[in-house]
Structures are given as structure tokens and as C-alpha cells.
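# Based on what follows, work out the 3D shape:
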Amino acid sequence: IRDSALAVLVVRPVASPPPVIVVLQGAGGANASSPAFVASFAGDGRSLVTRPLLPVNVAQDRALELWALPPQGAPRSLGLISPQGVTVLPRERLPAAVLGPGTAALAVSLEPAGGSPTGAPTGPVLYSGRLQL
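Coordinates of the predicted model:
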């Protein structure tokens with residue numbers, strides 16, 4: 001008779017924090033009456049995902065740019081976002097302090113194709129939303 005052993009490995013998945021979701025509402029005019037974009041930070045911090053609730057009409061020579069707005073100081077560009085569908089911005093493209101006390105709000109501005117030429121918003125802010133952690 002041989003001795004045998006049975007081993008059981010119990011693996012508990014590590015719970016990741018829930019995503020942080022920001023609703024960006026129209027900043028004025030015709031856009032002010034309904035939410036237009038949802039931005040969500042993945043719970044694991046790997047990406048920021050944006051999507052319009054309804055497609056946004058943007059002229060071909062224009063683009064939508066997403067900005068992180070700190071409590072004080074200049075806005076920081078997070079990149080161009082799609083007016084028609086989902087945009088995924090990977091963590092390596094985001095400033096280090098986007099999630100946390102370094103960002104008070106997010107905003108979307110209308111910029112020339114390719115984005116702001118100055119590194120600061122040059123066009124009107126169309127949508128904005130406060131970041132509440």
C-alpha cells in the first residue's frame with residue numbers, strides 16, 4: 001500500500017477598488033440640459049475610459065480634448081477623445097496625479113484637429129464634471 005496525499009490550493013482573488021465615474025455635463029448653451037460624456041477611471045488605475053452618451057457632432061477640422069483641472073494652476077491635457085465612441089487612455093499616457101488630490105474636475109474643450117497647439121485649452125469648454133473620490 002502506498003501513502004498518498006491530497007493538497008488543496010485555495011486562491012482568493014484580490015478585490016480591486018471600484019472604478020471612479022465622472023459625468024461631464026454640458027457647460028452652457030444647447031449642451032447644458034443633459035449629460036454628454038461619462039469618464040471612468042479603472043479601479044486598478046490602468047486606464048481612463050470616456051464615451052459620449054450620445055454622439056457629438058464635431059466639424060472635421062476640430063477635435064475634442066480631455067483636460068484634468070487641478071484645484072489651482074493650469075489644466076493638463078489627457079488627450080484627444082472620440083465624439084462618437086469609446087476612448088481608452090492607458091495609464092502611461094496620463095499624468096501621475098490624475099487620480100487623487102491633484103485633480104478637482106475634468107473638462108472637454110473643442111480644439112483644432114490634432115489638439116490644442118499651446119498645451120492649454122484654446123477653444124470653448126463644452127463639457128465638465130467634478131471629480132469626487
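# Poorly predicted segments of this structure, please.
Residue ranges of the chain with pLDDT under 70: 1-9, 13-16, 28-35, 96-102, 132-133.
# Against which helices or strands is the helix or strand hosting residue 80 packed?
According to DSSP states H and E, residue 80 maps onto strand 76-81. Judged by 3 or more Cβ pairs under 8 Å, 6 or more residues apart in numbering; DSSP states H and E, strand 76-81 is in contact with strand 62-69, strand 87-90, strand 105-112. For the C-beta atoms, the positions are set from N, CA and C on the backbone; glycine is no exception.
# If we use 7 Å, what do you get?
strand 62-69, strand 87-90 (3 or more Cβ pairs under 7 Å, 6 or more residues apart in numbering; DSSP states H and E).
# for these, which one ends up most surrounded?
strand 62-69 (a mean of 21; mean count of other Cβ atoms under 10 Å).
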